[in-house]
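Visitor: Generate coordinates for the sequence data below:
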Amino acid sequence: MKNLLVAFSFICLLACSPEPTAVTTVEKSTSNGWDAEKRIEELGITLPIPAVPVANYVNAVRVGNLIFLSGKGPSKPDGTSITGKVGTDLSIEEGREAARLVGINQLAVLKAELGDLNKVKRIVKVLGMVNCQSDFTEQPKVMNGFSDLMVDVFGEKGKHARSAVGMNALPSNIAVEVELIVEVED
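Guide: Okay, the predicted model is just below:
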């Protein structure tokens, strides 16, 4: 019961608090004409059709102006995935590329949900999970592949809070899995 009250108090605090200064900065970048759809083209990225979930879940859930995206892995266009443990089977750079590929897959989910990536107001929170041995400590370097892509596509709106953690194993031995929370326009 005490935990429930603490959680409720935290939610009330968030709901009643003024928006952080960073949000105002983000809104200015939108008014300056930042175009995420154009950036995708300029970066030479082709968004795939999002994979259909194979279990009892969905790719994304929208609650108000927030979209919660399920974890995705580094699936290639041919249907295979980048697999293995970063630091053992894969280099940090290969892990970084896997994280970037996850970013492309998550952008595809967002595009399918919204129809237009310019409706993204802010990438809010990223949880990056890196498949690695217990002594590997370079998860942030790996996750920069994802984070850098979000900033490349969305500019200031792509900057986000992030956790980069190591996992003993990920589904089907994928190298990286990322879930995220995105704020969108009404």
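Visitor: And the strands in this structure, which stretches?
Guide: With strands called from DSSP state E, the chain shows them at 60-63, 66-72, 120-131, 161-167, 176-184.
Visitor: Tell me where the model's unsure across this protein.
Guide: 1-32 (pLDDT under 70).
Visitor: Mean neighbour count added to the strands of the chain, as CSV?
Guide: C-beta here means a position set from N, CA and C on the backbone, and glycine is covered the same way. Output for the strands of the chain, formatted as CSV (neighbours: other Cβ atoms under 10 Å):
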stretch, mean neighbour count
strand 60-63, 12
strand 66-72, 19
strand 120-131, 22
strand 161-167, 15
strand 176-184, 23
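Visitor: Show me the one of these that comes nearest Arg96.
Guide: strand 176-184 (9.0 Å; Cβ to Cβ).
Visitor: helices or strands next to that closest one in the packing?
Guide: strand 66-72, helix 92-114, strand 120-131, helix 139-154 (3 or more Cβ pairs under 8 Å, 6 or more residues apart in numbering; DSSP states H and E).
Visitor: Residues touching stretch 58-66, excluding its own?
Guide: 50-51, 53, 67-70, 72, 109-110, 112-113, 121, 124, 181-186 (Cβ atoms under 8 Å, 6 or more residues apart in numbering).
Visitor: returning to what we had before: indicate which one of the helices and strands packed on strand 176-184 is closest to Gly33.
Guide: helix 139-154 (13.2 Å).
Visitor: Using PDB, write down the CA coordinates of the closest one.
Guide: Presented in PDB, the C-alpha positions along helix 139-154 are these (Å, rounded to 0.1, in the frame of the first residue of the first chain):
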ATOM      1  CA  GLN A 139      26.800  -0.700 -23.000                       C
ATOM      2  CA  PRO A 140      26.500   3.100 -23.300                       C
ATOM      3  CA  LYS A 141      28.900   3.100 -26.300                       C
ATOM      4  CA  VAL A 142      26.800   0.400 -28.000                       C
ATOM      5  CA  MET A 143      23.500   2.300 -27.300                       C
ATOM      6  CA  ASN A 144      25.000   5.500 -28.800                       C
ATOM      7  CA  GLY A 145      24.100   3.900 -32.200                       C
ATOM      8  CA  PHE A 146      20.400   4.200 -31.300                       C
ATOM      9  CA  SER A 147      20.700   7.600 -29.600                       C
ATOM     10  CA  ASP A 148      22.700   9.200 -32.300                       C
ATOM     11  CA  LEU A 149      20.100   8.100 -34.900                       C
ATOM     12  CA  MET A 150      17.300   9.600 -32.900                       C
ATOM     13  CA  VAL A 151      19.100  12.900 -32.800                       C
ATOM     14  CA  ASP A 152      20.100  12.700 -36.500                       C
ATOM     15  CA  VAL A 153      16.400  12.200 -37.400                       C
ATOM     16  CA  PHE A 154      14.600  14.400 -34.900                       C
END
